[in-house]
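Enquirer: pasting the sequence and the predicted coordinates here, then a few questions.
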Amino acid sequence: MAGYTGTRQDHLRRLRRIEGQARGLQRMVEDDKYCIDILTQVSATTSALQSFALSLLEEHLAHCVAEATLKGGPEADAKVKEATEAIARLVRS
């Protein structure tokens, strides 16, 4: 079971809002809106995606990684490495 199963509906709502923001950006470009206004919306959309990613990461650590570390062994090492790599990707983006 995925760590986010209990909050799946919340995540889907957030993603639909983010999708709406992205579509809004497309409309802004189609309508030749002012560059700074578009950049402001890009920043808001980026922040929303980052917030979603952090929430998902928190759930992954609390559920998947924590469960694997309780079992120990190579699976635990793999989950910690996987989480570390995911954090590194988020930090670079």
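Expert: Okay, I see it.
Enquirer: can we go C-alpha only for contacts and neighbour counts from here?
Expert: Will do.
Enquirer: pLDDT weak spots in the protein?
Expert: Filtered on pLDDT under 70, the chain yields the residue ranges 1, 3.
Enquirer: longest helix in it, by residue count?
Expert: helix 35-60 (DSSP state H).
Enquirer: show me what that one is packed up against.
Expert: helix 8-30, helix 73-92 (3 or more Cα pairs under 8 Å, 6 or more residues apart in numbering; DSSP states H and E).
Enquirer: try 10 Å
Expert: Helix 35-60 is packed against helix 8-30, helix 66-71, helix 73-92, with contacts defined by 3 or more Cα pairs under 10 Å, 6 or more residues apart in numbering; DSSP states H and E.
Enquirer: what about the closest residue to residue 70 other than its chain neighbours, how many residues nearby?
Expert: Distances taken as Cα to Cα, 6 or more residues apart in numbering place residue 76 nearest to residue 70, at 7.8 Å, with adjacent residues excluded. By other Cα atoms under 10 Å, 18 other residues sit near residue 76.
Enquirer: and the gap between the residue minimising distance to the centre of the chain and residue 80?
Expert: Taking Cα atoms, centre = their mean, the centroid of the chain lies closest to residue 53, which sits 1.9 Å from it. Using Cα to Cα, to the nearest Å, residue 53 is found at 17 Å from residue 80.
Enquirer: what does residue 20 give?
Expert: 34 Å.
Enquirer: do residue 10 as well
Expert: Here the criterion is Cα to Cα. By it, residue 10 lies 26 Å from residue 80.
Enquirer: who has more neighbours out of these two?
Expert: residue 80 (18 against 12).
Enquirer: name the nearest residue to the more buried one, sequence neighbours excluded.
Expert: Closest residue in space to residue 80, ignoring its immediate chain neighbours: residue 65 at 6.4 Å, by Cα to Cα, 6+ apart.
Enquirer: ok, now which ones touch that neighbour?
Expert: With contact set as Cα atoms under 10 Å, 6 or more residues apart in numbering, residue 65 has these partners: 3, 58-59, 71, 75-83.
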